[in-house]
Every structure is written in structure tokens, then in C-alpha cells.
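# sharing a model that was predicted from the sequence below.
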Amino acid sequence: MLGALGVVYGDIGTSPLYAFKEAVKAATSGGASVPAAATGAVSLILWSLILIVSLKYAVLILRADNRGEGVVGLVGAALLYGDGAITPAISVLSAIEGLKIDAPALGPYVVPITLAILVGLFLVQHKGVAAIGRVFGPVMLVWFVVLVLLAVPSILHAPEILAAANPFRAVDFLIHAGWHVSFLMLGAAFLAVTGGEAMYADLGHFGAPAIRIAWFGLVLPALLIHYCGQGALIIADPSAIENPFYRLAPDWAHYPLVALATMATVIASQAVISGVYSLTQQSIQLGFMPMMRVVHTDEDERGQIYVPAVNWLLAVATLTAVVVFGSSDALAGAYGIAVSALMGITTLLAALIALRWGYNPILVLAVNGFFLGIDLVFFSANSVKLFEGGWFPLLLAGVVAFLMLTWMKGNHVLESVRQTMRMSEASFLSSLGSHPPVTLPGTAAFLTAATEGIPMALGRLLERSRCLHERILLITVVYEEEPVIPASERAQVTLVAQGIRKAISKYTPGMERVVLRYGFMQTASIPEGLQCAVASGLLPPEYLEDMTYFVGHEVVIPSPTHPGMAPWREGLFAFMKRNAERTGAHFGLPTRQIVEVGTEIEI
């Protein structure tokens with residue numbers, strides 16, 4: 001529960017820094033009185049938290065549990081990248097803006113200070129977050145307690161804000177405010193629920209019970225009380241709308257509160273950044289992205305990883321957002337549209353899962369249709385902000401989704417070409433009988449993406465050198481749609497074309513096909529997989545004593561004569577393939593035991 005406070009609720013927990021302020025500003029833009037706007041905004045936020053986060057996510061969506069892991073659609077995954085660039089920017093900016101309350105002269109320094117904090121955050125990523133992670137939960141516990149303590153005196157001073165608990169206050173305000181103001185207010189109020197999607201994204205790390213207890217036991221009550229406190233403050237002092245969060249605190253507490261808010265927003269940012277690393281690793285495992293260098297920063301904790309390429313691309317996107325938009329008010333326009341689209345996708349996926357589980361289609365349509373209607377309302381409201389900044393996360397998400405689809409399509413085209421170039425097992429073994437090669441001592445391991453046929457590297461080596469090792473392994477790594485595959489189920493070993501082998505008298509190498517199975521949360525290591533095969537009695541130990549790994553190095557050449565993708569898109573795929581991490585390094589092969597066999601392939 002304590003861990004979930006820091007990782008799962010860091011984002012939604014720091015929403016009070018900017019969400020209520022933006023909702024009231026939107027509400028008053030149509031000429032509504034401040035007390036009416038404050039009550040309407042608080043009511044809308046409270047019931048958004050109850051319906052979207054509590055009922056939809058905590059009660060229903062967390063039931064869609066695949067052995068402890070949430071499953072996210074490709075487009076949803078791309079939207080999370082857009083969210084990952086905006087969250088650190090708006091969170092840290094809104095915290096540092098508290099300096100202007102007591103020292104307006106520091107206003108010009110808000111952006112430089114924010115940039116410095118974010119640069120520092122991305123610079124220390126390579127060290128891992130294990131040490132920082134131990135204080136995430138306690139700091140966020142203090143944060144939520146402070147939210148309550150700030151709000152209670154304000155509520156006691158203006159208890160009429162409690163009327164916001166009536167949902168009709170929100171409905172009545174939206175109906176009479178006019179559609180334009182209502183849409184602006186809905187889009188701003190949605191900022192209060194951004195971060196709720198982390199409940200499902202982090203399901204595999206903490207489990208549904210801990211996430212639910214932390215939400216209903218602390219986070220939800222703290223947020224409800226705090227938003228009522230901000231609303232009561234605005235009713236008593238309309239001028240506090242410029243920054244109601246910091247105006248709740250006494251003057252002496254402003255600077256300590258800025259420090260605490262900065263820590264909380266850094267934690268929220270770190271949680272999003274770590275989530276992007278995890279998402280990237282799983283996307284690589286499932287074939288959505290090219291192989292990248294993934295660094296494990298903790299020997300004991302499998303989930304602590306660092307992806308250098310993603311870290312710096314995310315850093316560029318986040319710093320660009322701070323420089324381009326310059327304030328949390330401006331960034332509020334860019335925030336929410338990606339998350340509202342993601343929530344709609346999640347509702348659709350949940351409906352498909354519920355139907356697969358055998359629930360009554362009418363019940364599924366009624367329940368998920370209700371929540372999808374809410375999602376569409378919020379998405380439509382956020383769409384109004386498209387040209388005010390909403391284009392930024394959508395542009396990032398669009399680029400990521402396009403690259404993912406290009407990589408998947410390119411690999412599909414590439415594999416179809418490989419199939420025409422591979423020799424069948426029967427013809428390969430027959431050729432050995434008619435033209436026996438020179439036999440070398442030791443074991444040769446050939447990596448192949450297919451579970452049938454002869455790897456191109458093996459065929460190419462035999463063609464050019466006319467020699468083969470006395471023992472041959474054809475190794476394929478397969479990622480399953482499960483988080484973790486136990487070591488006891490890691491390896492499957494089969495003899496290649498046994499009937500044909502017996503018919504060949506001149507050359508009979510020991511040729512086995514080894515399939516190593518990993519879950520999408522695991523890092524594949526071929527040496528570790530082979531050790532599992534030996535431990536299970538599937539391979540004799542001497543196979544591993546003198547091992548040479550042969551890895552195919554493919555140079556992809558776009559060609560307009562081959563059916564596949566558009567030439568410019570094939571060129572993009574070739575660029576991605578050329579800059580992907582080396583196969584040997586990705587699968588943990590010892591450098592001095594690797595031999596690369598080059599092949600040019602036209603697609």
C-alpha cells in the first residue's frame with residue numbers, strides 16, 4: 001500500500017496543484033459568479049473522481065487481471081508516451097510556480113528552475129530509482145496528510161462548499177453556463193482525474209487489493225477534502241483564484257510547501273518515466289519496437305530498468321514542452337486529451353474482455369456504454385483545446401504509433417522474404433549426405449526467428465566454408481503473452497528431422513532445435529536459457545563447454561520491385577533496423593563467442 005502511494009498515485013495526487021484553478025477559471029470565463037463557479041467546479045471534480053477513478057477503474061477495470069498484469073492496446077501505449085512527456089512538465093512547473101506567491105520577482109526564473117530540476121531528473125536515471133523508491137511512499141503519505149490539513153480550516157470557514165457533494169450542482173451549472181463554457185470547464189476538471197489510469201498500468205507491480213485499499217482508505221478522501229478546501233477558499237476570497245493551492249497555506253508555510261510539492265511532483269514524474277521504460281521493454285518483447293539497450297539498475301528487483309534511448313528522447317520532449325508552453329496554465333491545454341482518449345480505449349478493451357469472459361452482452365453494453373459515454377464527453381471537451389496545445393501529446397503519440405506499426409509491418413515483410421531464402425530441414429540434411437562438409441569440434445549455436453526451417457546464417461556458412469561443427473543448436477527465443485515464464489518451463493528441445501538423420505551415413509551432426517520461452521516482463525538471456533535446458537536434462541552439459549554463437553547480420557535494402565510497404569516507409573524501417581541494438585548484446589551472448597554472418601535482403 002505504501003509503495004502504491006508513491007508509484008500509482010503520484011500523478012493524480014499532485015493534480016490539486018493546477019486542476020481546480022483551471023476549472024474555476026474556465027467556469028468564470030462565461031461571467032458566472034465566483035461562488036457558483038467554485039461550487040460547480042468542486043462538484044464536477046468530486047463526481048469525476050467517484051465515477052471515473054473509483055467506480056470505473058478501482059471497482060471494474062482492475063478485475064481485468066491477466067496473472068497480475070494489465071494489457072494495453074498499441075494505440076493506448078502510444079498515448080502513454082504523449083502523457084509521459086507532459087506529466088513531468090506540468091507537474092514540476094506548477095510546483096515551482098508557488099515561488100511567485102511570496103516573491104513575484106522570481107517569476108522569470110520559474111522556467112529555468114523547472115528545466116534545471118527536470119534535467120537533473122533525467123541525468124540521474126542511469127543510477128536507478130531503487131534508493132529513491134524507498135522514500136516515494138512515505139513522502140506521498142506526508143503529501144496526502146498535508147492536503148487534508150490545508151483544507152480543513154478553509155472548509156470550517158466556508159462550510160457552504162459541502163453543497164458540492166450534490167451532483168446536481170455540477171449538472172445545473174453546466175446546463176446554464178452555455179456549451180462553450182461547459183466544454184472548457186469539463187476539459188479543465190478532467191485534469192483532476194489524470195493519473196487514474198496508473199491504477200491499471202501498475203496492476204502487476206502491487207496487485208488490486210493494495211491499490212484499492214490505498215485509494216479508498218487515503219487518496220480519495222484526501223483529494224475530496226482538499227478540493228472542497230480550495231473551493232471554500234475561493235468563496236471566501238475570490239482573489240485567491242490565481243493560485244488557490246498555495247493560498248490555502250499560511251505565509252510561513254509557503255516555501256516548505258513549495259519544497260514538498262516539488263518532491264511530490266518529481267515522484268509523480270519519476271513514476272511516469274519508469275512506466276515508459278517498462279512499456280518500452282514490453283513493446284520490444286512483443287515485437288512492437290526495435291531492440292534497444294535495456295540496463296538493469298538493481299540486481300534483486302527485475303522491474304528496475306533504464307532505457308538510455310527512451311530516456312533522452314523523453315527528456316527532449318519534456319523540456320521542449322516546458323520551453324514552448326512556459327506555464328502550467330498553458331500546459332493545461334496540452335494535458336488531458338491523450339489521457340481522455342486512453343481512458344476511452346481502456347473502456348472498449350474492458351468491454352471486449354468482459355464479453356470474452358462470458359458476461360451478458362446487454363449488461364456489458366449498458367455498463368461500458370455508460371462509462372464510454374462519460375469518456376467521450378471528456379474527450380470532446382478536451383478536443384476544444386486541440387489548437388491550444390492538445391496537438392502536442394497527440395503528435396508525440398501519433399509518431400510513436402506510426403513507428404510501432406512500421407516496425408511491425410516491416411518485420412512481417414522481412415520474415416516473408418526470409419521464408420523464401422531458408423532451406424527446408426529435409427533438403428539441408430540431404431545436401432549434407434551428398435556433399436559432406438568438414439567437421440569441426442565443439443558446438444555451434446545458430447539464432448533464428450523461426451521455429452522451423454534452417455537459419456539463413458547456417459545455410460550461408462555451409463555454402464561459403466563447407467564445414468560444420470559436430471554439434472549444432474538452432475535457437476529461437478519466443479516471448480509469450482504472459483508476464484513471467486518459470487525457469488522450469490523455459491526450454492523445449494527437439495531433434496531436427498530425426499527420420500532423415502538416420503538415413504544419412506556420411507555426416508550426422510547432433511542437431512537440436514531449442515525454443516526458449518520468456519514472459520513479456522522478463523529479459524531474455526540465451527546463456528541462462530541453455531543452462532535451464534541442461535538443468536532440466538534436455539541437453540548434455542558438454543554442449544555448453546565449447547560454444548560458438550552464429551548470429552545473422554541482416555542489411556535491409558528497400559526495393560520498389562518487391563511488394564510490401566511504400567519505398568519511403570521501407571527506408572524508415574531499414575533505418576530502424578540498422579540502428580537497433582545488436583542481437584548478441586540483446587540476448588546476453590558473450591562477446592568473444594559471437595560470429596556474425598552477413599546477409600543482404602531486399603524488401
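Cool, got the structure.
# could you give the average pLDDT over stretch 525-537?
Average pLDDT, stretch 525-537: 93.
# one more: stretch 485-499?
Across stretch 485-499, the average pLDDT comes to 82.
# A helix includes residue 288, no?
No - Residue 288 is assigned coil when assessed by DSSP: H, G, I helix; E, B strand; the rest coil, not a helix.
# so how many other residues sit close to it?
Here the count is done by other C-beta atoms under 10 Å, and residue 288 has 21 residues near it. From N, CA and C alone the C-beta is placed, and that goes for glycine too.
# so what's it closest to, chain neighbours aside?
residue 404 (4.7 Å; C-beta to C-beta, 6 or more residues apart in numbering).
# isn't that neighbour right up against residue 286?
No - here residue 404 lies out of contact with residue 286, judged by C-beta atoms under 8 Å, at a distance of 10.0 Å.
# the two - which one has more neighbours?
Per other C-beta under 10 Å, whichever of residue 404 and residue 286 has more neighbours is residue 404, with 19 against 15.
# pLDDT score assigned to residue 515?
95.
# same question, residue 202
69.
# quick check: the residue nearest to residue 288 vs residue 416, distance?
19 Å (C-beta to C-beta, to the nearest Å).
# ok, residue 444 next?
In terms of C-beta to C-beta, residue 444 sits 27 Å off from residue 416.
# higher neighbour count, the two?
Counted by other C-beta under 10 Å, residue 444 and residue 416 do not tie: residue 444 has more neighbours, with 24 against 13.
# and the more buried one, which of the three is it?
Secondary structure assignment for residue 444 (three-state DSSP): strand.
# and for the one 5 residues further on?
In the three-state summary, residue 449 is assigned as coil, counting by three-state DSSP.
# do residue 439 as well
Per three-state DSSP, residue 439 ends up strand.
# in the sheet, who's paired with it?
residue 468 (DSSP bridges).
# okay, now the unreliable bits of this structure?
64-73, 129-134, 201-205, 298-304, 497-509 (pLDDT under 70).
# can you pull out the strands in it?
Secondary structure of the chain (DSSP state E): strands at 295-296, 305-306, 438-447, 467-480, 491-495, 510-519, 547-557, 594-602.
# make CSV from those and add distance to residue 179 to it.
Below are these laid out as CSV (distance: least, C-beta to C-beta, whole Å):
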stretch, distance to residue 179
strand 295-296, 50
strand 305-306, 46
strand 438-447, 60
strand 467-480, 48
strand 491-495, 61
strand 510-519, 48
strand 547-557, 52
strand 594-602, 56
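# so which of those strands is nearest residue 430?
strand 510-519 (13.3 Å; C-beta to C-beta).
# name the residues that touch that closest one?
285, 429, 451, 470-480, 482-485, 489-497, 501, 524, 526, 529-530, 532-533, 538-539 (C-beta atoms under 8 Å, 6 or more residues apart in numbering).
# now that strand, how far from the centre of its chain.
30 Å (C-alpha atoms, centre = their mean, to the nearest Å).
# what does stretch 409-416 give?
With C-alpha atoms, centre = their mean as the basis, the mean position of stretch 409-416 lies at 25 Å from the chain mean.
# how about stretch 30-48?
33 Å.
# with only the CA atoms kept, save it in PDB.
Taking Å, rounded to 0.1, in the frame of the first residue of the first chain, the C-alpha atoms of stretch 30-48 are listed here in PDB:
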ATOM      1  CA  GLY A  30     -18.600  33.000 -19.200                       C
ATOM      2  CA  GLY A  31     -19.400  35.600 -16.500                       C
ATOM      3  CA  ALA A  32     -20.500  33.200 -13.700                       C
ATOM      4  CA  SER A  33     -20.100  34.400 -10.100                       C
ATOM      5  CA  VAL A  34     -17.100  33.000  -8.300                       C
ATOM      6  CA  PRO A  35     -19.100  31.200  -5.500                       C
ATOM      7  CA  ALA A  36     -21.300  29.500  -8.100                       C
ATOM      8  CA  ALA A  37     -18.200  28.600 -10.200                       C
ATOM      9  CA  ALA A  38     -16.300  27.300  -7.200                       C
ATOM     10  CA  THR A  39     -19.200  25.100  -6.100                       C
ATOM     11  CA  GLY A  40     -19.900  23.800  -9.600                       C
ATOM     12  CA  ALA A  41     -16.200  23.100 -10.200                       C
ATOM     13  CA  VAL A  42     -15.800  21.200  -6.900                       C
ATOM     14  CA  SER A  43     -19.000  19.200  -7.600                       C
ATOM     15  CA  LEU A  44     -17.800  18.200 -11.100                       C
ATOM     16  CA  ILE A  45     -14.300  17.200  -9.800                       C
ATOM     17  CA  LEU A  46     -15.700  15.200  -6.900                       C
ATOM     18  CA  TRP A  47     -18.100  13.200  -9.000                       C
ATOM     19  CA  SER A  48     -15.500  12.700 -11.700                       C
END
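# which parts of it are buried?
32, 34-48 (16 or more other C-beta atoms under 10 Å).
# just stretch 180-190 next, same as before
Result for stretch 180-190 [16+ other C-beta under 10 Å]: buried residues 181-190.
# need the contact partners of it.
Against stretch 180-190 from outside (C-beta under 8 Å, 6+ apart): 19, 22-23, 25-27, 29-30, 32, 40-41, 44-45, 48, 173-175, 177, 332, 336, 339-340, 377-378, 380-382, 384-385.
# please redo it, this time with the cut-off set to 6 Å
The contact list for stretch 180-190 (C-beta atoms under 6 Å, 6 or more residues apart in numbering) reads 22-23, 26-27, 29-30, 44-45, 48, 174, 336, 378, 381-382, 384-385.
# go on, stretch 457-475?
423, 437-448, 509-514, 543, 550, 552, 597.
# please save the CA atoms from that stretch in CSV.
Extracted C-alpha coordinates of stretch 457-475, given in CSV (Å, rounded to 0.1, in the frame of the first residue of the first chain):
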residue,chain,number,x,y,z
ALA,A,457,23.2,-17.9,-41.3
LEU,A,458,23.7,-21.7,-41.2
GLY,A,459,22.9,-22.2,-44.9
ARG,A,460,25.2,-19.3,-45.8
LEU,A,461,28.1,-20.6,-43.6
LEU,A,462,27.9,-24.1,-45.1
GLU,A,463,27.7,-22.6,-48.6
ARG,A,464,30.8,-20.5,-48.2
SER,A,465,33.0,-22.6,-45.9
ARG,A,466,31.9,-26.2,-46.4
CYS,A,467,32.4,-27.0,-42.7
LEU,A,468,30.1,-27.5,-39.7
HIS,A,469,30.6,-28.2,-36.0
GLU,A,470,30.0,-31.6,-34.6
ARG,A,471,27.1,-30.4,-32.5
ILE,A,472,24.5,-27.8,-33.8
LEU,A,473,21.8,-26.0,-31.9
LEU,A,474,19.1,-24.0,-33.6
ILE,A,475,17.9,-21.5,-31.0
